[in-house]
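*Asks:* what's the 3D shape of this:
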Amino acid sequence: MFGDGNYVFMHNIWRNAAPFGADTMVSFDIIRVDENGEVAEHWDALQPLVTETASGRTQTDGPTEVTDLDQTEANKALAVALIENVLMGRNPARITDDISAESYAQHNPMIKDGLSGIVEAVEALTTQNNMFQYTQIHAVLGKGNFVLTVSEGQWNGTTHAFYDLFRMEDGMIVEHWDVIQPVPTEGLANTNGMLGGFDTN
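*Replies:* Predicted coordinates:
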């Protein structure tokens, strides 16, 4: 759980969550607290928990200690640069400028550790003509060496929400967690939109 101004962002496991897609789900939750200290708004994204991952890590383990508070804004800029250059395709070759080639811990269940794991995954998705495409960043929240970005994009022919949590060290991204969820369009209980209302950039 991390705080950024009047926003709190959390990385959670939901149990007994079958109505949301599986008995156990991994989520990112964001709440906005108003001037009275009350919860005023909530966003989330969920995906099923995977027990056997490509890296051998879980979707939620890893360091949680916040450090480098003076580097929060620089680390936010680093996360945005990675998404814009690599995931939006503006300058993919800059991946080695943003992600550590020495140590990169991956928690996406389908991708192995290291830069080589990312390259392998991209090549596999591209071969299948199914590479995800980020199109817009909706929110950037950070606390020291941790930054969460909330983005929108296309994958499997539908619009998805991409929640990416990065851990930085010495000006490089060294760890990554994510949750990817299709953006629902039918049977909505409200009209706010899964990615609507953010004012964090």
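*Asks:* give the residue farthest from the middle of the chain.
*Replies:* residue 36 (28.9 Å; C-alpha atoms, centre = their mean).
*Asks:* count of neighbours near the closest residue to residue 61 other than its chain neighbours?
*Replies:* In this structure, residue 61 finds its nearest non-sequential neighbour in residue 107, 7.4 Å apart by C-beta to C-beta, 6 or more residues apart in numbering. No exception for glycine: its C-beta is placed from N, CA and C like everyone else's. Close neighbours of residue 107, defined as other C-beta atoms under 10 Å, add up to 21.
*Asks:* now do the contacts for residue 107.
*Replies:* The neighbours of residue 107, taking C-beta atoms under 8 Å, 6 or more residues apart in numbering as the test, are 53, 55, 57-62, 175-178.
*Asks:* can you check residue 24 too?
*Replies:* Here residue 24 is in contact with 13-15, 17, 48-49 (C-beta under 8 Å, 6+ apart).
*Asks:* try it again with 6 Å
*Replies:* 15, 49 (C-beta atoms under 6 Å, 6 or more residues apart in numbering).
*Asks:* from here on, call the first residue 17.
*Replies:* Yep, numbering from 17; the last one is residue 40 now.
*Asks:* quickly list what it is bridged to.
*Replies:* residue 31 (DSSP bridges).
*Asks:* ok, now how distant is it from residue 138?
*Replies:* 28 Å (C-beta to C-beta, to the nearest Å).
*Asks:* before we move on, the earlier item: mind giving me the ChimeraX select for the contacts of residue 123, buried ones only?
*Replies:* The buried residues among the contacts of residue 123 can be selected in ChimeraX (16 or more other C-beta atoms under 10 Å) with this line:
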select :69,71,73,74,75,191,192,193,194
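*Asks:* perfect, I'm done here.
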